[in-house]
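**Student:** my questions concern the predicted model and sequence given below.
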Amino acid sequence: MDREQHSIQLEKQHVHDVYDRIAPHFSDTRYKAWPQVRQFLMEQEPGSLIADVGCGNGKYLDINPFTWKLGSDHCNSLASIAASRGHEVMVCDNLRLPYRDNCFDAAISIAVVHHFATVERRVAAIQELARVVRPGGQVMIYVW
């Protein structure tokens, strides 16, 4: 098995399968927006189109009603929770977002990128965020 396939397998076993299993409980513990993320979203221009990549239960999709937001997550269970709350959400791979180049005014990816198993995959995730945001747009990423 090559390094890329091994990374994909690690992520499936230790990230994707885990979040699918714990989604209801995890969602119950994720209800308060982080202040810096809230501020970033509130500072976006009215009418802006914002991608929330790794949106989880959609807690950031309610912030700033003067913008349009699309959420995506790899975890079907979390995306379903966000959709049940009335949000526009899809299940997709962060490394292959199904969006045109330069189509968003801003994007957030909160507590997502560190889940990728290699530096190369983390860089690819960031490059994908940059691809879908227009020149001069903004991207907020939180990792640890």
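**Tutor:** Yep, that arrived. Numbers count the residues shown, from 1 in each chain.
**Student:** what's the helix or strand for S72?
**Tutor:** Element membership for S72 (DSSP states H and E) is strand 68-73.
**Student:** helices or strands up against that strand?
**Tutor:** Applying 3 or more C-beta pairs under 8 Å, 6 or more residues apart in numbering; DSSP states H and E, we find strand 68-73 packed against strand 49-53, helix 76-84, strand 89-91. C-beta here means a position set from N, CA and C on the backbone, and glycine is covered the same way.
**Student:** after the last one comes which helix or strand?
**Tutor:** Spelled out, that is strand 89-91. Immediately after strand 89-91, counting by DSSP H and E, sits strand 104-110.
**Student:** just to revisit the earlier point, may I have the strands that pair with the strand holding S72, each with its orientation?
**Tutor:** strand 49-53 (parallel), strand 89-91 (parallel) (DSSP bridges).
**Student:** could you give me the buried positions within that strand?
**Tutor:** By neighbour count on 16 or more other C-beta atoms under 10 Å, the buried set for strand 68-73 is K69, L70, G71, S72, D73.
**Student:** hey, C-alpha coordinates of that strand in PDB?
**Tutor:** C-alpha atoms of strand 68-73 as PDB (Å, rounded to 0.1, in the frame of the first residue of the first chain):
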ATOM      1  CA  TRP A  68     -25.600  33.100   1.700                       C
ATOM      2  CA  LYS A  69     -23.900  30.000   3.000                       C
ATOM      3  CA  LEU A  70     -23.300  26.500   1.600                       C
ATOM      4  CA  GLY A  71     -22.100  23.900   4.000                       C
ATOM      5  CA  SER A  72     -20.200  20.700   3.200                       C
ATOM      6  CA  ASP A  73     -18.900  17.900   5.300                       C
END
